[in-house]
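Enquirer: Fold the following.
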Amino acid sequence: MKIQVTRDVFQLAQVFTISRGSRTQAEVLTVTVSGDGAIGWGECVPYARYDETLDSVTEQINGFSGAWGDLQDALPAGAARNALDCAYWDHAAKQAGKRVWDLLDLPAPGPEITAYTLSLDTPEAMQVQAAKNAHRPLLKIKLGTPDDMARLEAVRRGAPDARIIVDANEGWTADVYADLAPHLIRLGVQMVEQPLPAGEDDMLAEIARPLPVCADESCHDRSSMPALKGKYDMVNIKLDKTGGLTEALALKEQAIAEGYGVMVGCMVGSSLAMAPATILAQGVAFTDLDGPLLLAEDRDQPLIFDEQGVHPPAAALWG
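Expert: Numbering: from 1, shown residues only. A predicted model of the protein is given here:
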């Protein structure tokens, strides 16, 4: 098999801000795996929070010289293994003339309602964002600052009927979360994602959790699961964290078996990055695959988003 990796940049439709900073473009790595008359491809988004850079992940990809069956042991969970694993799945499907879900012996996927993320901003600007997107059934609010109550109130005013979930991106303390929780419930928030920093979240086992708490930065792959017990009610599975579709499917199965709710999320990437996750997202509690909706430009043959949600990819895109 021949492996190639390239860098691609997609401009965002507007500045995207979370508690850790802002960006105006999505920088991704595209991997192609070619051989035996087929070419498969995948995408990953290196993430600085996990000590990943475009250079370091490229080096990992270029350093892999084994077969697909060696991948899970050769590389750790993360962006490099994700792009390779998804490219191998695409290659296998194209070579077999089947869809990936057929290879996995899974039912053909259908559309899933996805969250639409509102970037962190002033309360006034977030109310405008919310009103503009009030027709969407599920909004995700980026929080994680001392001024979050005003933002929450503003978003609810802007979108009085939308379901809301919030993501603090590790930005709160236990005291701040305990103070905010009753107001989250009052405003109809249905779930809170990663309120405390990973590694500093033991207090979640000691304080009341009046609404579901979802592990994001605290959950990468199946090895993360033992440390979540008693602290979280849900896990956010992202391909760039698990290191590909193979581990993501195994993590989903284990999480459900252990009684956790499942959310399927994404980094800010193109439709190619989201495509494998549409298989993973079937039947989960929350789907958050809105990356392409945040872009000003996308791949050829992009995913379809409509009132039914995000649809599975056409074979021309992936899988």
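Enquirer: Run a quick neighbour tally on S65.
Expert: By other CB atoms under 10 Å, 9 other residues sit near S65. C-betas here are computed from N, CA, C, even on glycine.
Enquirer: Can you list the buried residues in stretch 30-46?
Expert: By neighbour count on 16 or more other CB atoms under 10 Å, the buried set for stretch 30-46 is 30-33, 38-46.
Enquirer: what do you get for stretch 203-221?
Expert: Neighbour counts using 16+ other CB under 10 Å place 204, 209, 211-221 of stretch 203-221 among the buried residues.
Enquirer: which residue sits closest to R20 in space, ignoring its chain neighbours?
Expert: The spatial neighbour of R20 that comes closest, neighbours along the chain excluded (CB to CB, 6 or more residues apart in numbering), is N169 at 6.2 Å.
Enquirer: and P111, what is it in contact with?
Expert: Contact analysis of P111 by CB atoms under 8 Å, 6 or more residues apart in numbering lists 306, 308-312.
Enquirer: Out of the helices and strands in the protein, which is least certain?
Expert: In the chain, the helix or strand scored least confidently by mean pLDDT, DSSP states H and E is helix 174-186, which has a mean of 89.
Enquirer: ok, the helix or strand just after that helix: who's next to it in the sheet?
Expert: Secondary structure here is assigned by DSSP states H and E; on that basis, the next helix or strand after helix 174-186 toward the C-terminus is strand 189-193. Neighbouring strands of strand 189-193 in its sheet, by DSSP bridges, are strand 163-167 (parallel), strand 213-215 (parallel).
Enquirer: Only the buried residues of strand 189-193, if you could.
Expert: Of the residues in strand 189-193, those buried under the neighbour-count criterion (16+ other CB under 10 Å) are 189, 191-193.
Enquirer: neighbouring contacts of it?
Expert: Here strand 189-193 makes contact (CB under 8 Å, 6+ apart) with 152, 163-169, 177, 181, 184, 211-214, 216, 234, 236, 263, 285-286.
Enquirer: what's the distance between R186 and E153?
Expert: Per CB to CB, to the nearest Å, R186 is found 10 Å from E153.
Enquirer: Likewise for D8?
Expert: From D8 over to E153 (counting by CB to CB), the distance is 39 Å.
Enquirer: which among the buried residues of strand 189-193 gets closest to G199?
Expert: Top of the list for closeness to G199, among those and by CB to CB, is E193 at 16.3 Å.
Enquirer: For R186 and E153, indicate the residue with more neighbours.
Expert: In this comparison of R186 against E153, neighbours counted by other CB under 10 Å, the higher total goes to E153 at 16 against 11.
Enquirer: Give me the phi and psi for the more buried one.
Expert: E153 has phi and psi values of phi -60, psi -40 when expressed as degrees, to the nearest 10.
Enquirer: How about the one 5 residues further on?
Expert: Backbone geometry at G158, expressed as degrees, to the nearest 10, gives phi -70, psi -30.
Enquirer: just to revisit the earlier point, of the buried residues of stretch 203-221, the lowest pLDDT goes to which?
Expert: When the buried residues of stretch 203-221 are compared on pLDDT, R209 comes out least confident, at 86.
Enquirer: In contact with that one, which residues?
Expert: 181, 233.
Enquirer: measure it to V176 for me?
Expert: In this structure, R209 lies at 15 Å from V176, with CB to CB as the measure.
Enquirer: Likewise for I61?
Expert: When CB to CB is the yardstick, I61 and V176 sit 39 Å from each other.
Enquirer: Quick check on these two: which one has the bigger neighbour count.
Expert: Set side by side, I61 and V176 give different neighbour counts by other CB under 10 Å, the larger being at I61 (21 against 17).
Enquirer: That one should be in a strand, yeah?
Expert: No: under the criterion used here (DSSP: H, G, I helix; E, B strand; the rest coil), I61 is helix, not part of a strand.
Enquirer: pLDDT weak spots in the chain?
Expert: Counting by pLDDT under 70, the chain contains low-confidence ranges at 19.
Enquirer: now the strands for it?
Expert: 2-18, 21-35, 38-44, 116-118, 138-142, 163-167, 189-193, 213-215, 234-237, 261-264, 286-287, 305-306, 309-310 (DSSP state E).
Enquirer: helices or strands next to the second one in the packing?
Expert: The criterion is 3 or more CB pairs under 8 Å, 6 or more residues apart in numbering; DSSP states H and E, and the helices and strands that strand 21-35 contacts are strand 2-18, strand 38-44, helix 54-63, helix 79-96.
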